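Colleague: Quick one, structure for this:
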Amino acid sequence: FLGTSFVVRSIPKVTSRGVDSELLWQPTKGLMLQGGLMYADTFYGDESPTADFLAPDGALYKLPGSKTSFAPEWSGTASVTYEWDMGSSLVGRFNVGAKYTSEFNTGSDLDVEKLQDAYTIVNARFAIGGKSKRWGLEFWALNLFDENYVQVGFDGPLQTASPTPTDPRNTYNAFLGATRTYGVTFRVSY
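Modeller: Have a look, this model is predicted:
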């Protein structure tokens, strides 16, 4: 999306290679540790099939040979879950998990203003319920530390005084990631 129109083009070649690993470990009864790490080297091919891919006037001239949009080089996850008996009929559970994402470009045209720095999102949950699993009460928080991040960045040329899209005063807009959210959930099965 270029601010006033969508540019829909086939990308002739995209190469992605990397490693994805996961770990699941239960060191003691009730304690579960999980983790994952991914490295991805993802980039567009060098082809320029249409004028849109040619500098300086093509809207997609930055794509050939560049790192792919929305593709962090590194990402990782980690979580700890602990579950324990609370008397003869209740069970408690605690979980905290995090997801790390290295920097990546949030714009389909790779403008440098659309670069998202690395960030980490942490979620947590505490639950209490019956061992029969017929009911449960959960207290939860998503994005616990209220991390600000951009999911998608796009041009907003109609919101600037400059008629030239390459002017440094050009306006960029974004769809932001969800802010901290918290709540309580009560579940009943019958």
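
Colleague: Residue 112: neighbouring residues, count only.
Modeller: Residues lying near residue 112 (other Cβ atoms under 10 Å) number 8. From N, CA and C alone the C-beta is placed, and that goes for glycine too.

Colleague: quick one, what contacts it?
Modeller: With contact set as Cβ atoms under 8 Å, 6 or more residues apart in numbering, residue 112 has these partners: residue 105.

Colleague: With residue 150 as the reference, measure out to it.
Modeller: 13 Å (Cβ to Cβ, to the nearest Å).

Colleague: same deal with residue 120?
Modeller: Relative to residue 150, and taking Cβ to Cβ, residue 120 is found at 15 Å.

Colleague: between the two, which one's more packed in?
Modeller: Comparing residue 120 with residue 150 by other Cβ under 10 Å, the one with more neighbours is residue 150, at 19 against 14.

Colleague: in this structure, which spans are strands?
Modeller: 14-28, 31-44, 74-86, 90-101, 104-105, 115-116, 119-130, 135-142, 150-155, 172-176, 181-188 (DSSP state E).

Colleague: Those into CSV, with extra columns for mean pLDDT and distance to residue 68?
Modeller: Output for the strands of the chain, formatted as CSV (pLDDT from 0 to 100; distance: least, Cβ to Cβ, whole Å):
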stretch, mean pLDDT, distance to residue 68
strand 14-28, 97, 6
strand 31-44, 97, 4
strand 74-86, 97, 14
strand 90-101, 98, 14
strand 104-105, 97, 8
strand 115-116, 96, 13
strand 119-130, 98, 19
strand 135-142, 98, 27
strand 150-155, 91, 14
strand 172-176, 90, 19
strand 181-188, 97, 30
